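Trainee: okay, here's the prediction I keep looking at, along with the sequence it came from:
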Amino acid sequence: MAGVEEASGVCINEALTDDELRAVLAKLQSDKDKEVFGLVCKRWLHLQSTERKKLCARAGPLMLRKMAARFSRLVELDLSQSVSRSFYPGVTDSDLKVIADGFGCLRVLGLQHCRGITDAGLMAIGRNLSHLQSLDVSYCRKLTDKGLSAIAESCCDLRSLHLAGCRSVNDKVLEALSKNCHNLEELGLQGCTYITDSGLTFLVKGCQRMKFLDINKCSNISDIGVCSVSMACSCSLKTLKLLDCYKVGDESVLSLAQFCKNLETLIIGGCRDISDESIKSLAIAACSHSLKNLRMDWCLNISDLSLNCIFCNCRNLEALDIGCCEEVTDAAFQGLNKGGSKLGLKVLKASNCPKITVAGIGMLLDSCNFLEYLDVRSCPHVTEAGCDQAGLQFPEYCKVNFLGSLSEPDVLV
């Protein structure tokens, strides 16, 4: 302990109380520094462990019990498994029972791809961890409305719930959330094909603080459900994902334009009934100033008219996907210079747009100095050689995907 003694010979462990050492630990910003703190001696290690708030782990019941004893004030626990390296059964109901009994301060629990858990495990979590605020059980495909409704009924302060890929989720879960979880702000339902417009309508009667709603690939959702969300969550909604919701059309976008003034991200890729009419309304709506991310690939009725409005009015737009919008031409980029200021666009995906040429890309570059990623795959009139020949100067850090060899940013997923 010579390293922690002062010149007078007084040991720090004799001079400082536990509360004073905790105050020192609280001043450390990085996780690395906090780990080093715990290496000084057993006492400091114990304090560092009991003050730890977040942990990612792979552990069975025995190890979880030891972790619960050591990390008694843990707030966030992530036991999620990766898709590619998932081992079966991984986390089980018996593990969830240990978690429920041992981690009384837990507020955030991640269980993505934990294929072994069932409703029984979730019921144990609900009984003992009623203060849980965030739960991610995406792709836990044994779960049904019974276990998830139990969570909703017990964890009334739930703020975030992710259920992507939980194929048995139905409207009963949404009804339970509406009745009990009035502070819910974030809900992920990607691929939950059993939910309907009725369920969404019931959900937002009680959950009107929704900021993030992902209903990608929910094929039974139509304009009725989306309109109920836009009206009920008009002030709070910032992100709405509707990828491949083929029943969604112009009525949904018109409703969003009318009511949702703070919308930042809208995903409508694959909604093929959406046309220029609604996109133009969106571009001139109040949310035009807040809109940052817009994905509308495979919206085949979109043309230069709506894109001109988007470029002219949505000056804070950072990411745009118009892939496979085959009617878009170079004329779409003429709106770039009408807004007065430079556009802050960082990501543009325009793959499979056969009518866009090098001239259109030139107009884009004249107005977008911050472009970081440009996707022009399968645009026959936009090639690397053609851009070089035209003397186009891309921003220094801009990645241009001509052939599909570059990884794509996930901002519009």
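Mentor: Arrived safely.

Trainee: what about the strands in the stretch 301-413 of the chain?
Mentor: Listed in chain order, the strands of the stretch 301-413 of the chain (DSSP state E, counting those that start in this stretch) span 319-321, 347-349, 373-375, 399-401.

Trainee: residues touching Thr201, list them.
Mentor: Ile224, Gly225, Ser228 (C-beta atoms under 8 Å, 6 or more residues apart in numbering). For every residue, glycine as well, the C-beta is placed using N, CA and C.

Trainee: which among these count as buried?
Mentor: Ile224, Gly225, Ser228 (16 or more other C-beta atoms under 10 Å).

Trainee: so where do the helices sit in the stretch 101-250 of the chain?
Mentor: 119-128, 145-154, 171-180, 197-206, 223-232, 250-259 (DSSP state H, counting those that start in this stretch).

Trainee: got the angle between the fourth one and helix 171-180?
Mentor: This points to helix 197-206. 10 degrees (axes from the mean of the first three to the mean of the last three C-alpha atoms, to 10 degrees).

Trainee: leaving out sequence neighbours, find the closest residue to Ser275.
Mentor: Closest residue to Ser275 apart from its sequence neighbours, by C-beta to C-beta, 6 or more residues apart in numbering: Asn301 at 4.0 Å.

Trainee: okay but the one you found is in contact with Asp273, surely?
Mentor: Yes - counting by C-beta atoms under 8 Å, Asn301 does reach Asp273; the two are 7.4 Å apart.

Trainee: for the stretch 1-150 of the chain, which spans come out with low pLDDT?
Mentor: Applying pLDDT under 70 to the stretch 1-150 of the chain flags the ranges 1-9, 14, 16, 18-22, 25, 37, 43-51, 84-89.

Trainee: for the closest residue to Cys155 other than its chain neighbours, the count of nearby residues, please.
Mentor: Spatial nearest neighbour of Cys155, chain neighbours left out: Leu132 (4.5 Å); criterion: C-beta to C-beta, 6+ apart. Leu132 has 23 neighbouring residues, counting by other C-beta atoms under 10 Å.

Trainee: can you pull the contacts of Leu132?
Mentor: Applying C-beta under 8 Å, 6+ apart, the residues contacting Leu132 are Leu106, Arg107, Val108, Leu109, Ile125, Ile151, Cys155, Asp157, Leu158.

Trainee: so can I have JSON lines of the helices of the stretch 101-250 of the chain showing distance to Glu186?
Mentor: Below are the helices of the stretch 101-250 of the chain laid out as JSON lines (distance: least, C-beta to C-beta, whole Å):
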{"stretch": "helix 119-128", "distance to Glu186": "18"}
{"stretch": "helix 145-154", "distance to Glu186": "14"}
{"stretch": "helix 171-180", "distance to Glu186": "12"}
{"stretch": "helix 197-206", "distance to Glu186": "13"}
{"stretch": "helix 223-232", "distance to Glu186": "14"}
{"stretch": "helix 250-259", "distance to Glu186": "18"}
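
Trainee: and those helices: which comes nearest Phe370?
Mentor: Distance to Phe370, taken as C-beta to C-beta, is lowest for helix 250-259 among these, at 26.0 Å.

Trainee: quick one: list the elements packing against the following helix or strand past that closest one.
Mentor: Helices and strands here follow DSSP states H and E; after helix 250-259, the next one along the chain is strand 265-267. If contacts are counted by 3 or more C-beta pairs under 8 Å, 6 or more residues apart in numbering; DSSP states H and E, strand 265-267 sits against strand 239-241, strand 293-295.

Trainee: can I get the ones you listed in TSV with mean pLDDT, mean neighbour count and distance to Tyr373?
Mentor: Listed next are the helices and strands packed on strand 265-267 as TSV, based on pLDDT from 0 to 100; neighbours: other C-beta atoms under 10 Å; distance: least, C-beta to C-beta, whole Å:
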stretch	mean pLDDT	mean neighbour count	distance to Tyr373
strand 239-241	98	21	20
strand 293-295	98	22	13
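
Trainee: export those strands to a markdown table and tack on distance to Lys399?
Mentor: Formatted as a markdown table, the helices and strands packed on strand 265-267 follow (distance: least, C-beta to C-beta, whole Å):
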| stretch | distance to Lys399 |
| --- | --- |
| strand 239-241 | 25 |
| strand 293-295 | 18 |
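
Trainee: among the ones you listed, which is nearest Val204?
Mentor: strand 239-241 (12.0 Å).

Trainee: in its sheet, what does that closest one sit against?
Mentor: Its sheet considered, strand 239-241 pairs with strand 212-214 (parallel), strand 265-267 (parallel) by DSSP bridges.

Trainee: turn the ones you listed into CSV, columns for distance to Asn308.
Mentor: As requested, these are arranged in CSV below (distance: least, C-beta to C-beta, whole Å):
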stretch, distance to Asn308
strand 212-214, 29
strand 265-267, 18
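
Trainee: and those: which comes nearest Lys338?
Mentor: Comparing those by C-beta to C-beta, strand 265-267 comes nearest, at 21.8 Å.

Trainee: which other helices and strands contact the next helix or strand after the closest one?
Mentor: Counting by DSSP H and E, the next helix or strand C-terminal to strand 265-267 is helix 276-284. Packing partners of helix 276-284 (3+ C-beta pairs under 8 Å, 6+ apart): helix 250-259, helix 304-313.
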